[in-house]
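Enquirer: I need the structure of the sequence given here:
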Amino acid sequence: MSRAIVVVPCYNEAKRLNLPAIQEFARGSDAADLLFVNDGSRDETLELIEHLNQSNPRRFSFLHLANNGGKAEAVRQGFLLALRSGADYVGFWDADLAAPLSDIEPFCRVLDHKGDIEVVVGTRMRLLGHKIERPALRYWLGRLFANTASLALGVRMFDTQCGAKLFRVTAGLEQLFERPFLTRWIFDVEILARMQLRRRHTNQPRLRDSIYEFPLDAWRDVAGSSVKTGDFFKATIEMAKIYWTYLRPGARPAAAATSRPPADAPSESPRPDQQQAA
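Expert: Residues are numbered from 1 along each chain as shown. Okay, here's the model as predicted:
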């Protein structure tokens, strides 16, 4: 049976972590273990995820980062830890459970049955019978940004920014997370851009053939999100940085590898006494 670890980045999530739903997921499904990454929270988030770990250490682990480095860095650090555990699939999921944890199992089934797929991407499509609840402005700004990102990537995608993604662990996956991301808001697109750049001048399958878009059955924007409407405009600026570094015709993997990380990226990895192994 395949083993999956899902990274859950957490920053000041004490009022939004749905502990009953998380514990119910662990009781009702063996689809994945959850690795919570506390990103320097200033509230009781660390205490809550420590409690989860103590209640079920086999299913819930945690990584504590003493300083806040942003969601992108929290996900990156969580991935590196999860990849060292020998998992078959590693993904990330928003801590507010805007996408229910029950969707992890069908994500895993896609990877189980489609060996050519490298990443399953949650897609918030307003289909009949699906409960996708998003404010109209955020929805349409998201559609506009997804179209822009699709043009840059050369891959038509409906939803690039959904906080639910699951990757197949391959020989090259860790390389995608070795370096800090250049962007703070749209690291999801940067991961795909790194995948696209890695394919240049190789016989690897096209990126479009390695992505599976999974229409979510439910999504509900939860109050208290740190992402604001104005961040969509910041994301557009970051999209230009991604294009220049990874996607422009003259971009090369060696050049991307030497790109400077963002100024607010942590300067060192967490010490052993700051983390709980996955």
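
Enquirer: from here on, contacts and neighbour counts on C-alpha atoms
Expert: OK.

Enquirer: So which residue is smack in the middle of this structure?
Expert: residue 92 (4.0 Å; CA atoms, centre = their mean).

Enquirer: Bridged to it, which residues?
Expert: residue 7, residue 165 (DSSP bridges).

Enquirer: What of residue 37?
Expert: residue 9, residue 63.

Enquirer: All the strands of the chain, residue numbers only.
Expert: Using DSSP state E, the strands of the chain run over 4-10, 33-39, 60-65, 89-93, 119-123, 131-133, 164-168, 211-215, 218-220.

Enquirer: which residues sit against the second one?
Expert: Under the criterion CA atoms under 8 Å, 6 or more residues apart in numbering, residues 4-11, 26, 45-46, 49, 58-71, 74-75, 78, 82, 278 lie in contact with strand 33-39.

Enquirer: try 7 Å this time
Expert: Contact partners of strand 33-39, identified using CA atoms under 7 Å, 6 or more residues apart in numbering, comprise 4-11, 46, 49, 59-65, 67-70, 74, 78, 278.

Enquirer: Filter these down to the buried ones and hand me the PyMOL line.
Expert: Selection of buried members from these for PyMOL, criterion 16 or more other CA atoms under 10 Å:
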select buried, resi 4+5+6+7+8+9+10+11+46+49+59+60+61+62+63+64+65+68+69+70+74+78+278
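
Enquirer: For the residue nearest to the centre of the chain, list the residues it contacts.
Expert: 6-8, 75, 164-166.

Enquirer: any weak-confidence spans in this structure?
Expert: 1, 223-230, 254-278 (pLDDT under 70).

Enquirer: go again using 80 as the cut-off
Expert: 1, 222-233, 253-278 (pLDDT under 80).

Enquirer: Can you get me a residue count around residue 202?
Expert: Neighbour count of residue 202, defined by other CA atoms under 10 Å: 8.

Enquirer: Also residue 21?
Expert: For residue 21, using other CA under 10 Å, the count is 14.

Enquirer: buried sites along the longest helix seen in the chain?
Expert: In the chain, taking DSSP state H as the definition, the longest helix is helix 136-153. Across helix 136-153, burial judged by 16+ other CA under 10 Å covers 139, 142-143, 145-150, 152-153.

Enquirer: Need the strands of the chain in TSV (columns: distance to residue 180).
Expert: Formatted as TSV, the strands of the chain follow (distance: least, CA to CA, whole Å):
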stretch	distance to residue 180
strand 4-10	15
strand 33-39	15
strand 60-65	15
strand 89-93	16
strand 119-123	20
strand 131-133	32
strand 164-168	18
strand 211-215	23
strand 218-220	29
